[in-house]
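Visitor: Next comes the sequence, and after it the predicted model I'd like to discuss.
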Amino acid sequence: MLHKVGLLPADNYQQVPFAYKMYTRTDTLGWEQSDAFKETFSADVDIEFMGVWDTVDSVGLIPRRLPFTTSNTIVRTFRHAVALDERRAKFKANLWHRPTTEEEHLGLHETDSRLTTDSPLPLHVKELDRLRPVHSRASSLRTPKESGQERKLAKFERIYSQKERRPTDIEEVWFAGCHSDIGGGSVPNKTRHSLARISLRWMVRECFKANTGIMFDSHALRKIGLDPSTLFPYVTPRPSAMSAHSEAYQKLRTPTFTQRVASVFKKKGKKVKPGPIAKANGHRNLDINEELEDLQDALSPVYDQLRIVRSWWVLEVIPSSIRFQNADNEWITYFSSNLARPRIIPSQDGIIKVHRTVQLRMEANPPVDSKKRRHYTPRARFSVEPTWID
């Protein structure tokens, strides 16, 4: 919407309904009106940083794509935390679209390479000397034989994109867990440790790395396990991750019967009241060990909704069109029931970026939360050796 109609001034809220109406209108007149509206009433802005957690395809049965929802020509930095263990049919990852070999040769968006519409073009865009490529995030379940409306929408997106495009800094990193384990929602907000805290800390650090200028509450950063002094005025390199065989990990494991009996007779030390500095800062522990936080969060449970809410299996049985990009950036499409198939991880230039806490969870023997006492193995399979990201 920012791309098509721009950003309205704060005091011009009366124009908001008209702006949205023009944004959703995809015919020739609608595009011309949007362009004129943007020039007259709105400011042309760039998106400095876009951070998303496990964006997926819509659960709706009748999808509708709005303008510029796959185009990212105004985004400077894009970060995406993706779930390794999500299996549901309607939760396929909506990853960054990588142009195929043919698209790179033609310099066109994937949908633009099949344009056949004869819609007339506005006068001020007929003089464009060439059509530049567009970065986009494409749906994994979009029908390969797109409708005329889809082709027409892609055509206008290409025409009305910014003339001066900068390359987007893109990074997609995979994390242990299902959909709500990455973006939050699987546990109450006050839960001390969860998988979602890992991707949250990673995203906050990426904000500082990109020099976005976003101002964070230092107390809130400490609550999620981040030390503000390691983020500002510059981001310090992280130390090595704690080993699953470290003394800290052994303390987190479920104690044996002998250890539990011994703890009953162990003398308890006196409690030390927090000092004035701790009270002034509003928290009791000023020493934050992010590596220990990662260790504890990495061993938290995975909340698989196919096990928790059995009704999701109805959509697993219904056949649907599934579409994804392989390692060669080519689109593969098949029509079948999903039946809880794991996600496919596409590699870009032979690289798959996975957060190092996944390796930590895999090495745990066994996870402290595991009732079945077995090793963790990601649902999605790695086609190449992962590049571990901190």
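Guide: All right, it came through fine. Residues are numbered from 1 along each chain as shown.
Visitor: Run through the strands of this protein in chain order.
Guide: Secondary structure of the chain, counting by DSSP state E: strands at 47-53, 75-83, 96-97, 136-137, 169-175, 320-325, 331-336, 353-355, 387-389.
Visitor: Quickly, which of these bottoms out on average pLDDT?
Guide: The stretch with the lowest mean pLDDT among the strands of the chain is strand 136-137, at a mean of 52.
Visitor: Could you list the low-pLDDT ranges of the stretch 251-390 of the chain?
Guide: Within the stretch 251-390 of the chain, the stretches with pLDDT under 70 are 251-286, 326-329, 365-373.
Visitor: count of residues packed around residue 49?
Guide: Residue 49 sits with 19 neighbouring residues when counted by other CB atoms under 10 Å. C-betas here are computed from N, CA, C, even on glycine.
Visitor: before we move on, what about residue 183?
Guide: Each residue near residue 183 was counted by other CB under 10 Å, and the total is 18.
Visitor: Kindly provide the distance from it to residue 356.
Guide: As judged by CB to CB, to the nearest Å, residue 183 and residue 356 stand 20 Å apart.
Visitor: Could you do residue 15 as well?
Guide: 47 Å.
Visitor: So which of those two has more stuff around it?
Guide: Legend: neighbour count by other CB under 10 Å for residue 15 and residue 356, higher for residue 356 (20 against 16).
Visitor: Show me what the nearest residue to the more buried one once chain neighbours are set aside is bridged to.
Guide: Once flanking residues are discounted, residue 356 sits nearest to residue 388: 4.4 Å by CB to CB, 6 or more residues apart in numbering. Per DSSP bridges, residues listed as beta-bridge partners of residue 388: residue 354.
Visitor: Do a quick rundown of the helices in the stretch 151-300 of the chain.
Guide: Assigned by DSSP state H, counting those that start in this stretch, the helices in the stretch 151-300 of the chain fall at 179-183, 196-209, 218-223, 247-252, 257-265, 276-281, 290-298.
Visitor: Quick one, grab the pLDDT at residue 108.
Guide: If you check residue 108, the pLDDT there is 43.
Visitor: again, but for residue 112
Guide: Looking at residue 112, its pLDDT is 40.
Visitor: same thing with the one 5 residues further on?
Guide: Reading off the confidence values, residue 117 has pLDDT 38.
Visitor: List the contacts of residue 313.
Guide: By CB atoms under 8 Å, 6 or more residues apart in numbering, residue 313 lies in contact with 306, 340.
Visitor: That one and residue 380: what is the separation?
Guide: 20 Å.
Visitor: Could you verify my assumption that residue 235 touches residue 204?
Guide: No: contact criterion CB atoms under 8 Å: residue 235 and residue 204 do not qualify, at 10.4 Å.
Visitor: Which one of these two is surrounded by more residues?
Guide: Ranked by neighbour count (other CB under 10 Å), residue 235 and residue 204 place residue 204 first, with 18 against 15.
Visitor: Quick one, which of the strands of the chain gets closest to residue 214.
Guide: Residue 214 lies closest, by CB to CB, to one member of those: strand 47-53, at 7.6 Å.
Visitor: For that closest one, output the C-alpha coordinates as CSV.
Guide: Backbone C-alpha positions of strand 47-53 (Å, rounded to 0.1, in the frame of the first residue of the first chain) are rendered in CSV as follows:
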residue,chain,number,x,y,z
ILE,A,47,11.0,0.8,3.9
GLU,A,48,14.3,0.7,5.8
PHE,A,49,13.8,-2.7,7.5
MET,A,50,11.2,-5.4,7.2
GLY,A,51,11.4,-8.2,9.7
VAL,A,52,8.9,-11.1,9.6
TRP,A,53,8.3,-14.3,11.4
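Visitor: before we move on, the earlier item: can you convert the strands of the chain into a markdown table and add a column each for distance to residue 224?
Guide: Below are the strands of the chain laid out as a markdown table (distance: least, CB to CB, whole Å):
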| stretch | distance to residue 224 |
| --- | --- |
| strand 47-53 | 14 |
| strand 75-83 | 14 |
| strand 96-97 | 26 |
| strand 136-137 | 27 |
| strand 169-175 | 15 |
| strand 320-325 | 33 |
| strand 331-336 | 38 |
| strand 353-355 | 15 |
| strand 387-389 | 18 |
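Visitor: what about the closest residue to residue 362 other than its chain neighbours, how many residues close to it?
Guide: Closest residue to residue 362 apart from its sequence neighbours, by CB to CB, 6+ apart: residue 376 at 5.4 Å. Using other CB under 10 Å, residue 376 has 19 other residues around it.
Visitor: for residue 333, same thing?
Guide: By the criterion of other CB under 10 Å, residue 333 has 14 neighbours.
Visitor: wait, doesn't it sit right on residue 323?
Guide: Yes: under the criterion of CB under 8 Å, residue 333 makes contact with residue 323 at 4.6 Å.
Visitor: measure residue 168 to residue 78 for me?
Guide: Residue 168 is 5 Å from residue 78, by CB to CB.
Visitor: Compare these two (neighbour count), which wins?
Guide: Between residue 168 and residue 78, counting by other CB under 10 Å, residue 78 is the more crowded of the two (20 against 16).
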